[in-house]
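> Give me a 3D structure for the following:
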Amino acid sequence: MKLVIVESPTKAKTISRYLGKGYQVLSSYGHIRDLPIKGLGIDVKKDFEPEYVIPEKAKKAAKALKDTAKKADLVILATDGDREGEAIAWHILHILKLSESDYERIIFHEITKKAIEKALKKPRKIDLKLVDAQQARRILDRLVGYKLSPFLWKKVVRGLSAGRVQSVTVRLIVDREREIEAFKPDEYWSIEAQLKKDGEDEFIAQLVKEGAKSIPKLGIKDKKGADQIIENLKDAQYKIADIRSKEIQRHPNPPFTTSTLQQEAARKLGYSSQQTMRIAQQLYEGVGLSKGSTGLITYHRTDSLNISGEALKKAHDFIQETFGSKYSLPTPRVFKTKSKGAQEAHEAIRPTRPGREPDKIKGKLDRRQFRLYDLIWKRFMASQMTPSVLDSTSIDIEAKGKLKKSYLFRATGSVIKFDGFLKVYPSKFKENLLPKLTKNEILELIKLLSEQHFTKPPARYTEASLIKTLEEYGIGRPSTYAPTINTIQKRGYTEKDDQKRFVPTEVALTVTDLLKENFSQIVDVEFTATIEEDLDEIARGKKDWQKTIKEFYEPFIANVKEKTKTVEKIKFEEKTDKKCPKCKAPMVIKLGRFGKFYSCSKFPECKHSAPIINSTDVKCPECKKGDIIERKTRKGKTFYSCSKYPKCKYALWDKPLDEKCPKCKSLLVEKGRQIKCSNKECDFKKEKEVSKS
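Next up is the predicted model:
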């Protein structure tokens, strides 16, 4: 009997379908060994030797693996093909005490019969370079977390955490918030002409030139300047000066990598990075179809854009048969991976079978699985389809007014001539039709429109834009984006506004400033990216992991010791007019792990504390007595409920407005850019009014 070991029970179930009676498949249920929960678990004096233990939750799985391995003729380690999977295989090797002849290591990037059979024919041994890179990351993160977090406890507040990737991610959010706060808007004006040709629809043209001089976006600074141009255009004649038409090809995006999947799933489906990875894991490991559990996508932790030749051939054949030759490419489209440390042996995320159309298996998937699979399938198929073709037209309109001053307006239009890849992967592109016009034709002016604008600050990060920024800077790797974003929320460093964008908390601002001043490298983007490059070099066998850690650790720990002695504790205490209900001493506002709170000024003699209540100034529609206040779940998610809880249990996820629904008289709430009814059975909604200034 041959024992095959994977890290997931779902994966084990799927693989069992493809192997014969001579195989038994078991799961390690993730990491079978790890650093201890308590204590550092690293001997810094012995070349950073780690102390690995079997966690309590893994002991049952470890015993089952040991018992079965004793009866097996051969152990086959089939964990994932990335560094994490290689390390899991290495830990299993150690707890089973296997010799070189007792085991084989196989990898595959999709859970299909063909892929597994192919992997079994090409076994190898564990790649210790990948194991070293994973160990180095784990040990570095443990050293930073366990040595820097106590510093924050002493200098800010107990319970805070620091992390090598976590802290620089928080800094990005803090820096962006300060950019927004420091931003000073510039006023500018735009001028448009609403024009018409007899018998045709009206269209809009933008002012682009004054005489021979181009007018940039910020060229008209104030109302006075705009009014002067309007005055100059009084009684002007609008004549077509030039018409230019051309065909434009639009090419599809590459298939997904981990980061682009998380970004697109956030934008199109509203999924968090953690949700996306959880659902992708299910699709990769196997979903129950008519013949049992089947893997629907390739491995979802990847930064490579490679696609196997076989998958490209199947995609080409499917496109040709389903949509026709005008949608299929004569040769496959190949995309170049931009990520420096990309593991080229991996593939991009794609369906395991191009012919397995989402709609045909919709009934076998839950709603979230279907939506993500549909996104992955369409993106991959589109990547191998012909470009879309647009007919683009640009019309220049000359306007001569008073003082014989000449102005140029421009109208642009585009229509889809051939949809190409858009047939399966539609975009938000909207056609803009212009009337049929000829050179020197005179147009009728309906109205001149001048509008005031102000430049806008940079937007707060969404999960999608934060992941994109982390990838661009080379911070973290595909497997780290989701857990990092989850951690900074769970630890109370960030919250989300009503448009699901990250807002740093008071704690984040305080901690980031402290780290920037005293541990600048830890929150330095370039330094963190350099560490990632070092880890890549270890994985390639070009750097020694222990030497790399030593180069980082020695100056780091010396600085920790010095700053622990010299940096004073941050005292954050604001006076209030409230009295402690227990001892009648004045209450003060203090800074805690999850932000500001009320505390008795006689602490620690009196330990009374209370949360700071943020009221929405909206009366509870249910009990008519309490106010609706902002609260937090245990995981830090904001919700709104009656201040009379638990007597009144009225609650909402969205911020309420002191306004009733015109349809059903329930409360209206803000949800992103919309205002909608809080009653789920009512469909009333409208766009929020946005000030033009």
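> which non-adjacent residue is nearest Leu26?
Nearest residue to Leu26 in three dimensions, chain neighbours excluded: Ile5, at 5.6 Å (CB to CB, 6 or more residues apart in numbering). Where C-beta positions appear, they are placed from N, C-alpha and C, glycine not excepted.
> in what helix or strand does the one you found lie?
strand 2-6 (DSSP states H and E).
> list the contacts for Glu537?
By CB atoms under 8 Å, 6 or more residues apart in numbering, Glu537 lies in contact with Lys543, Thr548.
> Can you give me the end-to-end span of stretch 599-618?
Chord length of stretch 599-618, first to last residue, is 27 Å (CA to CA, to the nearest Å).
> Let me see the mean pLDDT of the top helix by length along the chain.
Taking DSSP state H as the criterion, the chain has its longest helix at helix 128-155. Helix 128-155 shows a mean pLDDT of 95.
> which other residues reach the helix or strand that that helix is followed by?
As assigned by DSSP H and E, the chain's next helix or strand after helix 128-155 is helix 166-182. Contact partners of helix 166-182, identified using CB under 8 Å, 6+ apart, comprise 148, 457-458, 460-461, 466, 469-470, 475-476, 484-485, 487-488, 491, 493-494, 502-504, 508-509, 511-512, 515-516, 522-525, 528.
> hmm, try it at 7 Å
For helix 166-182, contacts defined as CB atoms under 7 Å, 6 or more residues apart in numbering pick out 457-458, 460-461, 469-470, 475, 484, 487-488, 493-494, 502-504, 508-509, 512, 515, 522-523, 525, 528.
> thinking again about what came up before, neighbouring strands - and their directions - for the strand holding Ile5?
Sheet pairing of strand 2-6 (DSSP bridges) gives strand 23-27 (parallel), strand 74-77 (parallel).
> so of the contacts of helix 166-182, which ones are in helices?
Among those, the members found in helices (DSSP H) are Thr469, Leu470, Thr484, Thr487, Ile488, Ala508, Leu509, Thr512, Leu515, Val525, Thr528.
> Just name the closest of the residues you listed to Lys59, please.
Distances from Lys59 to the ones in helices among the contacts of helix 166-182, taken as CB to CB, are shortest for Thr487 (26.1 Å).
> how far away is that closest one from Met381?
35 Å (CB to CB, to the nearest Å).
> In terms of packing, which of these two has more residues around it?
Using other CB atoms under 10 Å as the criterion, Thr487 and Met381 rank with Met381 on top: 25 against 18.
> So the more buried one is in contact with Phe421, correct?
No. Contact between Met381 and Phe421 fails when scored by CB atoms under 7 Å: they sit 8.2 Å apart.
> Quick one: residues contacting Gln369.
With contacts defined as CB under 7 Å, 6+ apart, Gln369 is in contact with Ile279, Gln282, Leu283, Val287.
> before we move on, what about Ser161?
Contacts of Ser161 (CB under 7 Å, 6+ apart): Gly145, Ser149, Arg491.
> Mind checking which of those residues are buried?
Those of those that meet the buried threshold are Gly145, Arg491, by 16 or more other CB atoms under 10 Å.
> Now render the contacts of Ser161 as CSV, adding distance to Glu431.
Shown next, in CSV, are the contacts of Ser161 (distance: CB to CB, whole Å):
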residue, distance to Glu431
Gly145, 53
Ser149, 55
Arg491, 47
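> how deep is Tyr473 tucked in, by neighbour count?
15.
> so it sits right up against Val525, yeah?
Yes. Under the criterion of CB under 7 Å, Tyr473 makes contact with Val525 at 5.1 Å.
> sorry, back to before: what does the strand holding Ile5 contact?
12, 15, 19, 22-28, 65, 68-69, 72-79, 92.
> Of those, just the buried ones, PyMOL syntax please.
The following PyMOL line selects those of the contacts of strand 2-6 that are buried, judged by 16+ other CB under 10 Å:
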select buried, resi 12+15+19+23+24+25+26+27+28+65+68+69+72+74+75+76+77+78+79+92
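> Give me the domain ranges for the chain.
Following automatic domain parsing, the chain resolves into domains at 2-126, 136-183+459-566, 187-251+388-454, 258-383, 573-611, 614-687.
> Any regions of the chain where pLDDT drops low?
Along the chain, the model assigns pLDDT under 70 to residues 338-345, 402-403, 634-636, 689-693.
> roughly how far out does the strand holding Ile5 sit from the chain middle?
34 Å (CA atoms, centre = their mean, to the nearest Å).
> How about stretch 395-408?
On CA atoms, centre = their mean, the centre of stretch 395-408 falls 48 Å from the chain's centre.
> Let the chain start at 23 from now.
OK, 23 is where the count begins now, so the last one is stretch 417-430.
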